[in-house]
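Colleague: Give me a model of this one.
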Amino acid sequence: MASLFLSYAREDLERIRPLAKALERDGHSVWWDRHISGGQEFAGAIEDALAAAEVVVACWSERAVRSPWVRDEAGAGRDKGRLVPVSLDGCAPPLGFRQYHTIDLSGWNGRPRSPALKPLMAAIAEKSSGAVSHEETAAAAPVRRRQSGFGARPWAVAAAAALIAILSGAFLYSKVWAGDGRISPRVAIGNFALVSSALPRALPDMLGQEILAAFGAENAVTVVAAGDGAASASAPFVMDGSLSRVGNSVRFTVNLKNQRSGVLLWSDAFEHETADPVAARQAAVGASQVVRCGLWGASSYDKPMSDQALSLYFKWCNEHWSGSSSQTAELDAARRVTVAVPDFSFGWSALALAAVPLAAAESGEANQLREEGMAAARKSMQLDQQNPEGYMAIAGLLPLERYAEREELLKKAISVRPTECGCERQAYGDFLASVGRMEEAVGQYERARAMRPLAPFSNVRFAQALYVVGRTDEADRILADTLKLWPDATSLRLLEMKSALWTRRYDKAIAVLGDADLPLTSMQRDTLTAAFQALKSQDAAHRAKSVAELERFSVDPRYNDQLVVGTLAALGAREAALKAAANLVRTRGLFDAEVLFEPNLAAARGEAGYARLVRQLGLTTYWRAARKAPDICRDSARPSFCSFA
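Modeller: Numbers count the residues shown, from 1 in each chain. Below you'll find the predicted structure:
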């Protein structure tokens, strides 16, 4: 465990106190100025503590960014390579510190076991180890509880050049190959050792069976059941691992190995509080997503691929599917793959996909990232025209108004490779939803879900689409079944809350908002709870107050989202809802345009502002040119702009 120095503004003491306790509970030695004894010289004590600390945790807030003490302490940590910055209230760090990924703790509820602390714990472990174990070696097994949030940091040209030199040497001398010729995407279920005798003896077999089930309607990767003799032995790869008790939790460690060389290609650990079938299934789904991604992409490469190169590609898949610890970690992982295997199409498409969300962000580097992503996508298609990820990436990097091109690229992604992963259907469904063709989107989401029937993201998109088209009973059933498997999945809990806007089950939404583990700030939680109470009570004064509070959210990119837009519309604030929707699409991109076609926006569609907004977004031009009208143009009270249909 590490020795930590907490740097913070004195006004934030009450927020720092539970953080210090949580870090101490995790086994760390934590120094903060409460530890200065009577008579001890203040500045000297701080300097001594800073010098001794393995990690300096800078706790930024609106007060801290103005504190010369916090700046100096954070600077000391930065200069020694020991800095781990966090934001207590969502504010940006001061100049000189914005190039470092800052972990957002604004939604932390103060509980020591909250998943909101997971990125911080991981960053401390990485910084104090003196080596980036998760980035640099397949043998490391970071613990995954739930998906983390994202931050941002730029990259260093010098570091990239050094990386190229190191990797070039490593792969020049590597002689460990995954096989002769093209990789065969076949994996056997191996042995899962029961390390702790207190755990149920049936748990290892249960995990193996859940992994088989998690691959679903898989036609890209062949999975061989445990104990299937010759078939298991002939599979190039094997998934095995261990199950152990760590404190009050159960840790499922899953490995992927090359059976021919014995090299460990990827490993991850999934920690749960109980040793039940749900925990085993969650671990199985998480592991299967990464293994499917790696083997499916690598099998397209028509040459031998070294174990080291394959391990790097699995690291990218892990960042892509398991929730990256920072927004550029996925991008950096993809860059390593392109350096190691420069003629690997899926390495370049990985780089292009990683650039998509970064290029959409409002930052000074967005244009540079868009250019890099576009170049990588084109390179991937030059190397392999059957790579659907390249088409998907270009679709995501195109300017907002180029709908027709985006649609053709996404349809091409579906058609080019028979062994689809379901991602192409998901992406096309998202496009259809964003242009108001939700009935068609339902079909795409359903087919994507068939490929990954247990994954939360495929179920949440399908269920939301069903709610929007009025198939409430089906949506309720899918949401309830998926929540049984993923009771703590944030996306599912948020949909459970948001669906109240369409089902009018306001008490359910209020109950969900009462969950302290939901990653919302206290201000968000209080404002949304008041809004749902206003919807329930129908009290005019209460509704007007909620509208005013939500309008403040709608002009702040940190808080404005589809839920804010939909709640404003449900409260009858049509003009405010349309302004919030315009702000949302401008700052977050096309994906969020789907909010314009949700049922609670129906009353706003008669407003002049609605027609103006869809025209400004280029949707009217697209609908006319594509001869594909949105679903709302089939309504009895269809908007005036539907005259073209």
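Colleague: quick one: low-confidence ranges for the stretch 301-450 of the chain?
Modeller: By pLDDT under 70, the weakly predicted segments of the stretch 301-450 of the chain are 323-327, 362-363, 418-421.
Colleague: now the helices: where do they sit in it?
Modeller: Counting by DSSP state H, counting those that start in this stretch, residue ranges of the helices within the stretch 301-450 of the chain are 307-322, 329-340, 345-360, 366-383, 388-397, 403-416, 423-434, 438-451.
Colleague: Phe597 is nearest to which of those helices?
Modeller: The closest of those to Phe597 is helix 438-451. By Cβ to Cβ, the value is 6.1 Å. Just so you know, the C-beta spots here come from the backbone N, C-alpha and C atoms, and that holds for glycine as well.
Colleague: May I have stretch 584-592 exported as CSV, CA atoms only?
Modeller: Only the C-alpha atoms of stretch 584-592 are listed here, as CSV (Å, rounded to 0.1, in the frame of the first residue of the first chain):
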residue,chain,number,x,y,z
LEU,A,584,-27.0,19.3,-25.9
VAL,A,585,-26.6,18.3,-29.6
ARG,A,586,-24.1,21.2,-30.1
THR,A,587,-21.9,20.1,-27.2
ARG,A,588,-22.3,16.3,-27.3
GLY,A,589,-23.1,15.4,-30.9
LEU,A,590,-25.7,13.7,-33.1
PHE,A,591,-26.3,10.8,-30.8
ASP,A,592,-28.3,13.0,-28.4
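Colleague: List the buried residues of it.
Modeller: By neighbour count on 16 or more other Cβ atoms under 10 Å, the buried set for stretch 584-592 is 584-585, 588-592.
Colleague: Can I get these in JSON lines including distance to Gln259?
Modeller: Formatted as JSON lines, those follow (distance: Cβ to Cβ, whole Å):
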{"residue": "Leu584", "distance to Gln259": "49"}
{"residue": "Val585", "distance to Gln259": "49"}
{"residue": "Arg588", "distance to Gln259": "44"}
{"residue": "Gly589", "distance to Gln259": "43"}
{"residue": "Leu590", "distance to Gln259": "44"}
{"residue": "Phe591", "distance to Gln259": "41"}
{"residue": "Asp592", "distance to Gln259": "45"}
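Colleague: Among the residues you listed, list the two that are farthest apart in space.
Modeller: Distance extremes for the buried residues of stretch 584-592: the farthest pair is Leu584 and Leu590 at 10.8 Å, using Cβ to Cβ.
Colleague: Surely Gly110 and Arg17 touch.
Modeller: No: Gly110 is not in contact with Arg17 according to Cβ atoms under 8 Å; the separation is 9.1 Å.
Colleague: Would you map the strands across this protein?
Modeller: 3-7, 29-31, 55-60, 83-87, 103-104, 143-144, 186-194, 222-224, 237-246, 249-258, 264-272 (DSSP state E).
Colleague: List the strands paired with the third one, with their directions.
Modeller: Same thing as strand 55-60. Strand 55-60 has these partner strands in its sheet, going by DSSP bridges: strand 3-7 (parallel), strand 83-87 (parallel).
Colleague: picking that back up, which one of the buried residues of stretch 584-592 is nearest Ser29?
Modeller: Ser29 has its nearest neighbour among the buried residues of stretch 584-592 in Arg588, at 40.9 Å by Cβ to Cβ.
Colleague: Now the closest one. Nearest residue, chain neighbours left out?
Modeller: Taking Cβ to Cβ, 6 or more residues apart in numbering, and ignoring the residues beside it in sequence, Arg588 has Ala360 as its nearest neighbour in space, at 7.1 Å.
Colleague: so the one you found touches Ala366, yeah?
Modeller: Yes: counting by Cβ under 8 Å, a contact exists between Ala360 and Ala366, whose distance comes to 7.3 Å.
Colleague: Pick out whichever of those two has more residues nearby.
Modeller: Ala360 (19 against 14; other Cβ atoms under 10 Å).
Colleague: So between Gly110 and Arg17, which is more surrounded?
Modeller: A side-by-side neighbour count of Gly110 and Arg17, using other Cβ under 10 Å, places Gly110 first with 16 against 13.
Colleague: And stretch 532-545, end to end?
Modeller: End-to-end distance for stretch 532-545, by Cα to Cα, to the nearest Å: 12 Å.
Colleague: contacting residues for Ala354?
Modeller: With contact set as Cβ atoms under 8 Å, 6 or more residues apart in numbering, Ala354 has these partners: 316, 319-320, 330-331, 333-334, 373.
Colleague: And for Trp266, nearest residue in space, chain neighbours not counted?
Modeller: Once flanking residues are discounted, Trp266 sits nearest to Phe314: 3.9 Å by Cβ to Cβ, 6+ apart.
Colleague: Against Val254, how distant is that neighbour?
Modeller: Going from Phe314 to Val254 by Cβ to Cβ, to the nearest Å gives 12 Å.
Colleague: Kindly report the same for Gly347.
Modeller: Computed with Cβ to Cβ, the distance linking Gly347 and Val254 is 23 Å.
Colleague: same thing with Arg615?
Modeller: Separation of Arg615 from Val254 (Cβ to Cβ) stands at 51 Å.
Colleague: These two - which one has more neighbours?
Modeller: Relative neighbour count places Val254 above the other of Arg615 and Val254, with 25 against 12, counting by other Cβ under 10 Å.
Colleague: Ok, which of the strands of the chain comes nearest Glu405?
Modeller: strand 103-104 (34.4 Å).
Colleague: what about the helices in the stretch 501-645 of the chain?
Modeller: Chain-ordered helices for the stretch 501-645 of the chain, with DSSP H, counting those that start in this stretch as the definition, fall at 506-513, 522-537, 540-554, 562-570, 574-588, 608-616, 619-626.
Colleague: tell me the domain ranges of the chain?
Modeller: Following automatic domain parsing, one gets these domains for the chain: 3-130, 425-644.
Colleague: Including distance to Val278, could those domains go into TSV?
Modeller: Shown next, in TSV, are those (distance: least, Cβ to Cβ, whole Å):
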stretch	distance to Val278
domain 3-130	16
domain 425-644	6
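Colleague: of all the ones you listed, which lies closest to Pro204?
Modeller: Each of the domains of the chain was scored for nearness to Pro204 using Cβ to Cβ, and the closest is domain 425-644 (19.3 Å).
Colleague: Quick one: distance of that closest one to the chain centre.
Modeller: Averaging C-alpha coordinates over domain 425-644 and over its chain gives two centres that are 19 Å apart (Cα atoms, centre = their mean, to the nearest Å).
Colleague: Stretch 634-645 now?
Modeller: Worked out by Cα atoms, centre = their mean, stretch 634-645 lies 37 Å from the chain centre.
Colleague: If you tally nearby residues, what's the number for Arg627?
Modeller: A count of neighbours around Arg627, defined by other Cβ under 10 Å, yields 8.
Colleague: Next: Arg10.
Modeller: By the criterion of other Cβ under 10 Å, Arg10 has 12 neighbours.
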